[in-house]
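> okay, sequence plus prediction incoming.
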Amino acid sequence: MGGTLNLQVEASSPVAALQKINSNGAKCWMRSGDRRFRDLHMIPELDTRVGRPRLLIMRSKKQQGLPLLVIEASSSPTTISTYGPLASTRTGAHINADIMRWSTGSADC
């Protein structure tokens, strides 16, 4: 099963790290046709002046409310964290595995 993730990555900034995850996630999760992501959508919050940049994974039919999963980045060193109710599921484990693979330079789904 899944769980939270705290992974140090090599990236020029937290935003750069999340941009890679956002791009690959859109391709490999949201537009892939994978049934695990059929009812979900991702909202990037990368242009933050206060707080940390993050990606929110929400239910498609519930545009408001709390996210199912937060993918957040912090700096010095750049660290990617995931948390939320979806983290403890198989889908959360899949997301964490993809993030770990993408942090090594791979862009494969």
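In hand now; what should we look at? Residues are numbered from 1 along each chain as shown.
> residue nearest the centroid of this structure?
Nearest to the mean C-alpha position of the chain, counting by CA atoms, centre = their mean, stands residue 71 at 4.0 Å.
> dump the residue contacts of that one.
Residue 71 makes contact with 18, 21, 54, 55, 56, 57, 80, 81, 82, 95, 99 under the criterion CB atoms under 8 Å, 6 or more residues apart in numbering. For glycine as for every other residue, the C-beta is placed from the backbone atoms N, C-alpha and C.
> which among those end up buried?
Among those, those classed as buried by neighbour count (16 or more other CB atoms under 10 Å) are 18, 21, 54, 55, 56, 57, 80, 81, 82, 95, 99.
> so residue 82 touches residue 98, yeah?
No - with contacts counted by CB atoms under 8 Å, residue 82 stays clear of residue 98, the gap being 10.6 Å.
> which stretches of the protein aren't confidently modelled?
Applying pLDDT under 70 to the chain flags the ranges 1.
> the helices in it, which residues?
Counting by DSSP state H, the chain has helices at residues 14-25, 90-102.
> can I get those helices in JSON lines including distance to residue 75?
Listed next are these as JSON lines, based on distance: least, CB to CB, whole Å:
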{"stretch": "helix 14-25", "distance to residue 75": "5"}
{"stretch": "helix 90-102", "distance to residue 75": "17"}
